[in-house]
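Peer 1: sharing a sequence plus its predicted fold:
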Amino acid sequence: MNDMQEVMPALAAVLGSEAWRARGILSWDDIAALGRANLRLIKVWALQSANRALAEQDREFLTEARPILARLAELEARADVEKPLLPRLRRESFRLDEAVAVYVGELPGATSPWAHGFVSSIEKAFNPEWRSPEANSGYYWRITTRLRTGAPPKFSELSFSTSEPRVLPEREFSWLRDALLTDRRFVEIFAENCRREWQPLWCLEAGIQLENPAGMNVMEWLEAG
């Protein structure tokens with residue numbers, strides 16, 4: 001199932017080319033349940049699409065987008081809870097020395113599903129295979145974590161890009177595990193937003209291939225804890 005089949009149509013329309021970021025959000029009830037930070041970022045992406053439409057004098061898009069943007073702003077103003085960022089909405093969200101949990105259960109030699117460590121470096125990097133016609137494509141934030149516990153052999157350091165769903169700030173990891181009981185719909189949205197078909201950066205660099213990256217099940221991973 002592709003990304004567009006997993007996004008509420010009205011939201012996909014206002015996000016335009018960035019609609020893939022909203023995978024897992026299927027209704028206004030879902031949007032209202034996202035928490036303050038996710039609502040703010042969705043509004044930011046939607047406003048960027050609206051600004052492009054304004055520059056292109058796309059009046060039809062602007063007419064359709066105006067009430068949706070107004071409702072997003074209303075929901076953001078009413079939101080009073082911070083929840084984990086959906087991975088596809090992340091931008092510069094990791095910080096140096098931040099504690100992180102990393103799902104390593106797919107790696108050879110793993111004896112536990114999750115490893116724990118801290119962010120040891122953040123640098124701007126370029127991958128020519130990730131280039132597209134869009135400006136600045138191929139550039140990304142390369143984040144490296146040094147694992148202290150639970151690391152499989154030869155994987156004590158792992159590098160990843162910002163949207164890698166297998167890496168969670170430790171505080172978000174704990175929140176999501178608790179939310180399996182207290183806010184399960186949000187965890188379902190989060191898990192769907194995590195889905196992607198490509199290999200993690202650390203697998204590409206180690207020359208290994210996960211058998212079925214698109215089959216990732218974050219709900220099961222969190223329950224395994």
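Peer 2: That came in fine, so what should we check first?

Peer 1: tell me the mean pLDDT over the lengthiest strand in the chain?
Peer 2: Longest strand of the chain, by residue count under DSSP state E: strand 114-126. Strand 114-126 carries an average pLDDT of 94.

Peer 1: stretch 158-172 now?
Peer 2: Averaging pLDDT along stretch 158-172 gives 95.

Peer 1: next one: stretch 214-225
Peer 2: 89.

Peer 1: does residue 185 touch residue 32 like I think?
Peer 2: No. Between residue 185 and residue 32 no contact is recorded; they are 10.6 Å apart, counting by Cβ atoms under 8 Å. C-beta here means a position set from N, CA and C on the backbone, and glycine is covered the same way.

Peer 1: so who does the spatially most central residue of the chain touch?
Peer 2: The structure's the chain has its C-alpha centroid closest to residue 87; by Cα atoms, centre = their mean the separation is 0.8 Å. Residues counted as contacts of residue 87 (Cβ atoms under 8 Å, 6 or more residues apart in numbering) are 163, 164, 165, 190, 193, 194.

Peer 1: how much space between residue 224 and residue 103?
Peer 2: Residue 224 sits 9 Å away from residue 103, going by Cβ to Cβ, to the nearest Å.

Peer 1: what about these two, which has more around it?
Peer 2: Legend: neighbour count by other Cβ atoms under 10 Å for residue 224 and residue 103, higher for residue 103 (23 against 13).
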